[in-house]
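Engineer: dropping the sequence and predicted coords here.
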Amino acid sequence: MDDRTPDSRIWPPLSPLSTGIRGRCPRCGEGHLFNGFLTIAPACEVCGLNYSFADPADGPAFFVMCFACVPAVVFAIWLEVAYEAPYWVHLVTTVPLLLLTCIPPLRPLKGWLVASQFYYKAEEGRRVVTGDGARRPGA
C-alpha cells in the first residue's frame, strides 16, 4: 500500500494550482498543507495524507529570485543611475519593493510545487538492479 493513500477511499484528482496556491491538501483539498509560514505539516488533518513525499527543495526561492527579485533589483539600479538617489530613498522605495515581491509569493509557490509532486507522483530517482547484477537507471 502506498504511504500516500493510507485508506481505501478513492479521491478525485484535484488541480495542483488551486490546492497548492491556497495551501490545502493536494488529495482532499480541505486540510492544511502548512503548519507555519513555510513549514509543511506532517500530515493532512482531514484525510490523513502523509506529506513525507513533499520536497520542493529550493524551487520556490529559485522562482521568486528569477521572476520577482530580479525586476526589483533592476528597479533599484535604475533608480540609482537615473536619479542618484540617496540611501534613504532606497530605504523607503527599494527595500519595501524587494520585501513585497520576494516574501509573499514563497508560500503559494511552495504549495503549488508540493501539490504538483503529489499530482504527478514525482519521486526521487533511484537505480534498479537487474537479475544479472547490472545497474541501470530506473523509474
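Structural biologist: Received the coordinates, thanks.

Engineer: show me what contacts residue 113?
Structural biologist: Going by C-beta atoms under 8 Å, 6 or more residues apart in numbering, residue 113 touches 20, 56, 59, 60. C-betas here are computed from N, CA, C, even on glycine.

Engineer: same thing but 7 Å
Structural biologist: Applying C-beta atoms under 7 Å, 6 or more residues apart in numbering, we find residue 113 in contact with 56, 59, 60.

Engineer: where does it fall, secondary structure wise?
Structural biologist: Residue 113 belongs to helix 106-119 when assigned by DSSP states H and E.

Engineer: export that helix as PDB, just CAs?
Structural biologist: Extracted C-alpha coordinates of helix 106-119, given in PDB (Å, rounded to 0.1, in the frame of the first residue of the first chain):
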ATOM      1  CA  LEU A 106       7.100  31.900  -1.400                       C
ATOM      2  CA  ARG A 107       4.200  30.100   0.300                       C
ATOM      3  CA  PRO A 108       1.900  29.800  -2.800                       C
ATOM      4  CA  LEU A 109       4.800  28.700  -4.900                       C
ATOM      5  CA  LYS A 110       5.900  26.100  -2.300                       C
ATOM      6  CA  GLY A 111       2.300  24.800  -2.000                       C
ATOM      7  CA  TRP A 112       2.000  24.600  -5.800                       C
ATOM      8  CA  LEU A 113       5.200  22.600  -6.100                       C
ATOM      9  CA  VAL A 114       4.200  20.200  -3.300                       C
ATOM     10  CA  ALA A 115       0.800  19.700  -4.800                       C
ATOM     11  CA  SER A 116       2.400  19.100  -8.200                       C
ATOM     12  CA  GLN A 117       4.700  16.500  -6.700                       C
ATOM     13  CA  PHE A 118       1.600  14.600  -5.400                       C
ATOM     14  CA  TYR A 119      -0.500  15.000  -8.500                       C
END
